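Undergrad: sharing a model that was predicted from the sequence below.
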Amino acid sequence: FFFRYERHFVYWRHLSHGDVGIVTILHERMHQLSRFQDDFGSL
């Protein structure tokens, strides 16, 4: 999941114990898909 805050995208997911974990925070100018795959891997 993700949400946008000003000029940033915050990607997050639910962790196994019910908490929310931040995966990565990206500025809108960064190549989002490439950076997300580097940080998060393929699901």
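TA: That came in fine, so what should we check first?
Undergrad: strands of the protein, start to end?
TA: Using DSSP state E, the strands of the chain run over 2-5, 8-14, 20-27.
Undergrad: pipe these into CSV and attach mean pLDDT per row.
TA: Listed next are the strands of the chain as CSV, based on pLDDT from 0 to 100:
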stretch, mean pLDDT
strand 2-5, 90
strand 8-14, 92
strand 20-27, 90
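Undergrad: show me what contacts G21?
TA: Neighbouring residues of G21 by CB atoms under 8 Å, 6 or more residues apart in numbering: 12-15. Heads up, the C-betas are built off the backbone N, CA and C, glycines and all.
Undergrad: export the strands of the chain as TSV, with columns for distance to S34.
TA: Shown next, in TSV, are those (distance: least, CB to CB, whole Å):
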stretch	distance to S34
strand 2-5	15
strand 8-14	13
strand 20-27	10
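Undergrad: thinking again about what came up before, out of the contacts of G21, flag the one nearest to F3.
TA: If you rank the contacts of G21 by distance to F3 using CB to CB, W12 comes first, at 7.8 Å.
Undergrad: which of the residues in stretch 17-35 are buried?
TA: 24, 26 (16 or more other CB atoms under 10 Å).
Undergrad: tell me how far that stretch is from the chain's mean position?
TA: From the chain centre to the centre of stretch 17-35 is a distance of 2 Å (CA atoms, centre = their mean, to the nearest Å).
Undergrad: how about the CA coordinates for that stretch, as PDB?
TA: Extracted in PDB, the C-alpha atoms of stretch 17-35 (Å, rounded to 0.1, in the frame of the first residue of the first chain):
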ATOM      1  CA  HIS A  17       1.900  -9.400  14.100                       C
ATOM      2  CA  GLY A  18      -0.600  -6.800  13.000                       C
ATOM      3  CA  ASP A  19       1.600  -3.700  13.000                       C
ATOM      4  CA  VAL A  20       2.200  -1.400  10.000                       C
ATOM      5  CA  GLY A  21       5.800  -1.300   8.600                       C
ATOM      6  CA  ILE A  22       7.200   1.400   6.400                       C
ATOM      7  CA  VAL A  23       8.800  -0.100   3.300                       C
ATOM      8  CA  THR A  24      10.300   3.000   1.800                       C
ATOM      9  CA  ILE A  25       9.700   6.800   1.400                       C
ATOM     10  CA  LEU A  26      10.400   8.200  -2.100                       C
ATOM     11  CA  HIS A  27      10.400  11.700  -3.400                       C
ATOM     12  CA  GLU A  28       8.200  12.100  -6.500                       C
ATOM     13  CA  ARG A  29      11.200  12.700  -8.800                       C
ATOM     14  CA  MET A  30      12.700   9.300  -8.100                       C
ATOM     15  CA  HIS A  31      11.800   6.400 -10.400                       C
ATOM     16  CA  GLN A  32       9.300   4.700  -8.200                       C
ATOM     17  CA  LEU A  33       8.900   1.200  -9.600                       C
ATOM     18  CA  SER A  34      12.700   0.600  -9.900                       C
ATOM     19  CA  ARG A  35      13.400   1.900  -6.400                       C
END
